[in-house]
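**Student:** Using only what follows, build the 3D model:
(2 chains)
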Amino acid sequence: MGHIDKIMPLSKVKATLSEVVRTVSKTGAPVVITVDGQPVVKLVPATPPLRQLSSAEVAAYRALTHALVRVPRQVGSFDAVTLIGEGRR
Amino acid sequence: MYISSISPLEVHHEQALHLMRSVPEDQPFVVPSLFRLEVVSALARRGELEELLNTVKVLVHGPRFHAVPLSEALLENAQEIAEVAGLRAYDAVYVALARETKARLLTFDREVRTRVSRHFPKVSLGELNAGNT
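**Tutor:** From the prediction side, this is the model:
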């Protein structure tokens, strides 16, 4: 789900920085900071907030996962724990 | 876990499906950003076809997997966990993430489950199928 970037002048960000940081962190919506009316910096959360998937996203995930069943695979059983472990050597 | 769930020939497949399905479909799996690399790398090493790899890449980059960057804080937490519980580095990163986000840790790796239960009882483990250990 996309966000429309909020635009704020630097002077306003300076006056309300703590609140701006809390809002960006909570909502995930970036804030574009302008200087002399020009966008120069974008404030984004270090980690996007967790969110529920939309019904369209759930359907897409389900369809793609189902599509995997029809893709040809290497034959023979294997142990994923061992496979991952080998990749970490 | 994820590789097992999408691989019918993997020995823990049914168990992995059970664990994956324990999470509602509209809830994302929280994973370290490293997860995508590990999944694709493992499937490529097994020699799976490009078609499979391409589909899996789309899936693991999608919204069902909430990838968290390997920040300094996460790595420090993982280091402490590795030291206390004697876990391997990569396993400690997954445990650290579960601990930080208060998410359930989905793994059937017996050693990880035992060490986490013993040293970090507040970390919740996904329940395995009855009869499977």
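**Student:** Could you confirm whether stretch A:50-70 reaches chain B?
**Tutor:** Yes: with Cβ under 8 Å from any Cβ of the partner chain as the measure, stretch A:50-70 is seen reaching chain B through A:50-55, A:57-58, A:60-62, A:64-65, A:67-69. The way it works is simple: take the backbone N, C-alpha and C, and place the C-beta from them, glycine included.
**Student:** mind listing the strands for chain A?
**Tutor:** For chain A, the strands defined by DSSP state E occupy A:6-9, A:31-35, A:38-43.
**Student:** re the thing from before, selecting buried members of the residues of stretch A:50-70 next to chain B in PyMOL, what would you type?
**Tutor:** One line in PyMOL is enough to select the buried ones among the residues of stretch A:50-70 next to chain B; burial here means 16 or more other Cβ atoms under 10 Å in any protein chain shown:
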select buried, chain A and resi 53+57+58+60+61+65+68
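**Student:** follow-up on the earlier one: which of the strands of chain A is buried the deepest?
**Tutor:** strand A:31-35 (a mean of 16; mean count of other Cβ atoms under 10 Å in any protein chain shown).
**Student:** tilt between it and strand A:38-43?
**Tutor:** Interaxial angle of strand A:31-35 relative to strand A:38-43 (axes from the mean of the first three to the mean of the last three Cα atoms, to 10 degrees): 140 degrees.
**Student:** need the contact list for residue A:35.
**Tutor:** Residues near residue A:35 by Cβ atoms under 8 Å, 6 or more residues apart in numbering or on different chains: A:9-10.
**Student:** Which positions are bridged to it in the beta structure?
**Tutor:** Beta-bridge partners recorded for residue A:35 (DSSP bridges): residue A:38.
**Student:** what about it, distance to residue A:18?
**Tutor:** 20 Å (Cβ to Cβ, to the nearest Å).
**Student:** just so I have it, where are all the helices in chain B?
**Tutor:** Remark: helices assigned in chain B by DSSP state H are B:2-5, B:13-21, B:34-45, B:50-60, B:72-85, B:89-101, B:110-119.
**Student:** Surely residue A:13 and residue A:40 touch.
**Tutor:** No: using Cβ atoms under 8 Å, residue A:13 is not in contact with residue A:40; the gap is 11.1 Å.
**Student:** Between those two, which contacts overlap?
**Tutor:** residue A:33.
**Student:** Lovely, talk soon.
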